[in-house]
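> Please work out how this folds:
(2 chains, ligands or ions: 2)
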Amino acid sequence: MLFTPNVIKNLLKKPVTRKYPFEVRAPFSNYRGELVIDINKCIFCGLCSRKCPSQCITVDKSSGTWQCDPHACVYCGLCRDNCPTKCLSMKDTHRKPVAEKVTWIEHGNPPKPKKRTVEAKPEPEVKPEPAPEAKPEAEVEAKPEVKVEAKTEAPVETKVEVKSEVEAKAKPKTKKSGKKGKKGGK
Amino acid sequence: MATTVIPFGPQHPVLPEPVHLTLKVEDEIVKEAIPALGYVHRGLEKLADIRDYHQMINVCERVCGICSMIHAVCYSQSIEELMGVEVPDRAKMLRIIWSELHRCHSHLLWLGLFADAFGFEALFMQFWRVRERIMDINEATTGSRVIVSVNVIGGVRADLSPEQIRWILSEIEIVEKEVRAMQDTIMNDYTVKSRTVGIGVMTKEQAWELGAAGPTLRGSGVAQDMRMTGYGAYGELDFEPVVETAGDCWARSTVRFREVLQSIDLVRQAIAKLPEGELATKVKGNPPEGEIFTRVEQPRGECVYYIRGNGTKHLDRLRIRTPTFANIPPLLGMLPGCELADVPVIVLSIDPCISCTER
Ligand code: SF4
Ligand code: SF4
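Numbering: from 1, shown residues only, chains lettered A, B, ... in the order given. Ligands and ions are numbered 1, 2, ... in the order given. Reported below is the predicted structural model:
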């Protein structure tokens, strides 16, 4: 009996439920839905795979693949929050259901500052003087420029990335190229 | 009189969770109940061996599918205490806001299921309709309806903007109004009372001796609530445990009903006292060697985490005692002497969360 007022009110109001497939509520803006990656920005640092609680991301730097098992992903958003280049993001709608298990693989161009410099060195060796890279570490700074000029085969974008990185990480660069200098010498 | 054995569960219409009770019945009167658990054991505690202590937050959240936030808070608090991390005040208050929202929607869910257990379908739908507003608040503020994933060791990783706070306040006002509209029905309605009053009575002494927890304990007149210890920032809020003395199904449902209103009040208080500041402190290193006990209040009662660190990023031991585990002996104490038709109502009155019991 005490429920009667509620019943009458409900009869007079329109239903609270929606006719779902035809009428969909606008998603909330920060809903953690489908995970998406902008593979061109990915630097293959592997931080996302280390932070992921369901361990569903595999990053292979050498082959340049970023792989995720979307069925194991729990949509916590930790990978997105920890990605240093902010290349991961989440849509505000969930994934569509699928009938078969899929593995989501992305191929990208991992920046290979090490290999690029290694590749770059033989070229000047062939060209004018093989001496400079072996000896002085002061001239190392000048090398990247030489590199960029030398490499005509590599895609333009990656070149720019490499360059900017070189400029950004001044200290590690000199160390690395120092090592490479030794390698080249060997 | 011959004894008949009636199996109850693990699949039962009123109880979506798998607990099996073997009921020994004489003439429709239950004489004995023997429980069987273990249908959904998941072995989450073992995961501490292969997931590091940051990732374990997300594992602990999945202990319970309803009060995920409070499990995560309990786990983070343990690790923070073990490592001596100071949590910013704002993070503490935000944790309370989401915890209380979880308590609120968990109780509303239970009130609906309880109404369903004694066959009041319309009331069930009313409670679940109201609950939807709180789920929307969770989704809009954290990014997920149930598994909110906002805790990190050292704080939280989501914030509330002033607009969101205004919106939450207006939403919980509607929730409060709609819940109050159902107060008379759940507490005083003749049909509801005939199914709940005097059913499954447990005295104060019994409840204490059998180790009941949460609303089951408070429904029997024992004022014990972990929030009284003032963990997190509960010490700054005005809080008084909700107690009923009848000890029957009616008392337990009334406790939960009043706790919904109390949770709404606590959300308001926490929002009013929400300080400005950092969301999380940076945590470096691994949990040191040592062990820790943390107790928090979950919708179903007191939850205990025991954690032992060993100086590496993996924990040595993670033991979780959930409130339903503590409430099963009291349930077995309530059942003998009741009618067979009342068993679903009594079983539901402890708010069993079997998947959390079996972790
Ligand atoms: S964290 Fe970001 S940049 Fe690093 S591997 Fe993952 S997606 Fe790529
Ligand atoms: S959203 Fe969470 S579970 Fe999914 S890939 Fe990212 S870190 Fe892993």
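> my read: residue A:29 touches residue A:92, true?
Yes: with contact defined as C-beta atoms under 8 Å, residue A:29 counts as touching residue A:92 (6.0 Å). Placement of C-beta: from N, CA and C, glycine included.
> Between those two, point out the one with more neighbours.
For residue A:29 versus residue A:92, neighbours defined as other C-beta atoms under 10 Å in any protein chain shown are more numerous around residue A:92 (14 against 8).
> tell me which element that one falls in.
Assigned by DSSP states H and E, residue A:92 belongs to no helix or strand.
> is it true that it touches residue A:27?
Yes: counting by C-beta under 8 Å, residue A:92 does reach residue A:27; the two are 4.1 Å apart.
> Return every residue with contacts to both of the two.
The contact sets of residue A:92 and residue A:27 overlap at residue A:33 (C-beta atoms under 8 Å, 6 or more residues apart in numbering or on different chains).
> Need the phi and psi values for the nearest residue to residue B:63 once chain neighbours are set aside.
Distance criterion C-beta to C-beta, 6 or more residues apart in numbering or on different chains; nearest residue to residue B:63, sequence neighbours excluded, is residue B:71 at 4.9 Å. When read as degrees, to the nearest 10, the backbone of residue B:71 gives phi -60, psi -40.
> Pull the number of nearby residues for residue B:71.
Residue B:71 has 27 nearby residues by other C-beta under 10 Å.
> got it, and residue B:286?
16.
> Spit out the contact partners of it.
Per C-beta under 8 Å, 6+ apart, neighbours of residue B:286: B:53, B:309, B:311, B:312, B:313.
> now, which of the residues you listed lie within strands?
residue B:309 (DSSP state E).
> What subset of the contacts of residue B:286 is buried?
B:53, B:309 (16 or more other C-beta atoms under 10 Å in any protein chain shown).
> tell me how far the ends of stretch B:282-300 are from each other?
End-to-end span of stretch B:282-300 (C-alpha to C-alpha, to the nearest Å): 32 Å.
> What parts of chain A come near ligand 2?
A:35, A:51-54, A:56-57, A:68, A:73-79 (C-beta under 6 Å from any ligand atom).
> Can you give me the buried ones in stretch B:218-233?
B:218, B:219, B:220, B:221, B:222, B:224, B:225, B:226, B:227, B:231, B:232, B:233.
> How far off centre is that stretch?
13 Å (C-alpha atoms, centre = their mean, to the nearest Å).
> Now do the same for it: mean pLDDT, whole number.
Average pLDDT, stretch B:218-233: 84.
> Quick check: pLDDT value at residue A:147.
So residue A:147 comes in at 41 (pLDDT).
> Just the pLDDT at the residue nearest to residue B:63, thanks.
The predicted local confidence for residue B:71 is 90.
> wait, what's in contact with it?
B:60, B:61, B:63, B:64, B:298, B:303, B:320.
> need the contact list for residue B:92.
B:232, B:233.
> distance of it from residue B:332?
38 Å (C-beta to C-beta, to the nearest Å).
> what phi and what psi does the backbone show at residue 5?
All of this refers to chain A. Torsion angles, degrees, to the nearest 10, at residue A:5: phi -60, psi -40.
> wait, chain B
According to degrees, to the nearest 10, residue B:5 has phi -110, psi 130.
> Report the distance from the longest helix anywhere in chain B to the chain centre.
In chain B, taking DSSP state H as the definition, the longest helix is helix B:89-117. Here helix B:89-117 is found 8 Å from its chain centre; the criterion is C-alpha atoms, centre = their mean.
> Toward the C-terminus, what is the element adjacent to that helix?
helix B:121-142.
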